[in-house]
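Asker: I need the structure of the sequence given here:
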Amino acid sequence: MSQQTPPPTGQPVADQMPPSEVPPSDVPPSEAPPSEAAQGDDYDVFRNVGQGLTGHYREIMIQYWQELINEIELTNEPGSAHHDDFKSHSLPFARIRKVMKTDEDVRMISAEAPIIFAKACEIFITELTMRAWCIAEKNKRRTLQKADIAEALKQSDMFDFLIDIVPRTGP
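Answerer: Down below sits the predicted model:
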């Protein structure tokens, strides 16, 4: 697999891709012809990012993911503006460990595992919130509602694992 250098932040990702790799904005990524990179050894990391989103909202989500990837790759690199000592966190590690221990097959948990799970949970919550915000904004509201979250989950098949947890609203 070839390693690609991340494009600089500030520009939408679609503007930085070669024309052959940019999916048309009016065609959902699942229906767009596969790019040369997707056919080869490389995997299109943005395949699911824009699913269920159109126009401005799709660009915002792609830009969020590109900036997140850049930040993760540059964290603690010499000369990077992104530093993390992994001592401060927004989700409680003890609670994460407790949830991990609910699986009876899990006997021991390394010190690093809750850190990674906490970051993954943060990213998941941020993306779902952004998607729900897009729904609220389309409906000309500034308050997120349960229905916005349910609709955001419905718009992308990568959230299908939550079908039994989040009740479907509407028709």
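Asker: Which pLDDT value goes with A150?
Answerer: According to the prediction, A150 has pLDDT 90.
Asker: cool, E59 as well?
Answerer: pLDDT, the model's per-residue confidence, is 85 for E59.
Asker: Helix or strand next in line after the strand or helix carrying it, which one?
Answerer: Assigned by DSSP states H and E, E59 belongs to helix 55-74. Next helix or strand after helix 55-74 toward the C-terminus (DSSP H and E): helix 93-101.
Asker: Mind listing residues that contact that next one?
Answerer: V106, I109, A113, P114, I115, F117, A118, C121 (Cβ atoms under 8 Å, 6 or more residues apart in numbering). No exception for glycine: its C-beta is placed from N, CA and C like everyone else's.
Asker: cool, stretch 145-152 as well?
Answerer: Taking Cβ under 8 Å, 6+ apart as the rule, stretch 145-152 contacts 52, 128, 131-136, 139, 159, 166-170.
Asker: Any of those residues buried? List them.
Answerer: Buried by 16 or more other Cβ atoms under 10 Å: G52, L128, R131, A132, W133, C134, I135, A136, F159, out of the contacts of stretch 145-152.
Asker: Between which two of the residues you listed is the distance greatest?
Answerer: Largest separation among the buried ones among the contacts of stretch 145-152 by Cβ to Cβ: A136 and F159, giving 17.0 Å.
Asker: number of nearby residues for H56?
Answerer: 10 (other Cβ atoms under 10 Å).
Asker: Report the angle between the lengthiest helix in the chain and helix 93-101.
Answerer: Using DSSP state H, we find that the single longest helix of the chain is helix 112-138. Taking axes from the mean of the first three to the mean of the last three Cα atoms, to 10 degrees, one finds helix 112-138 and helix 93-101 inclined to each other by 100 degrees.
Asker: quick one: helix 112-138 to helix 55-74, angle?
Answerer: 160 degrees.
Asker: Just the buried residues of helix 112-138, please?
Answerer: For helix 112-138, by 16+ other Cβ under 10 Å, it's 114-115, 117-119, 127-128, 131-136.
Asker: My guess is R58 contacts Y64. True?
Answerer: No: using Cβ atoms under 8 Å as the test, R58 is too far from Y64 to be in contact (10.8 Å).
Asker: Measure how buried S90 is and give me the count.
Answerer: S90 has 9 nearby residues by other Cβ under 10 Å.
Asker: pLDDT value on it, please?
Answerer: Reported pLDDT for S90: 81.
Asker: for V27, same thing?
Answerer: 45.
Asker: could the contacts of helix 93-101 go into a markdown table alongside pLDDT and distance to R95?
Answerer: What follows is the contacts of helix 93-101, written out as a markdown table (pLDDT from 0 to 100; distance: Cβ to Cβ, whole Å):
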| residue | pLDDT | distance to R95 |
| --- | --- | --- |
| V106 | 89 | 15 |
| I109 | 89 | 13 |
| A113 | 87 | 13 |
| P114 | 88 | 9 |
| I115 | 86 | 13 |
| F117 | 89 | 10 |
| A118 | 88 | 9 |
| C121 | 90 | 10 |
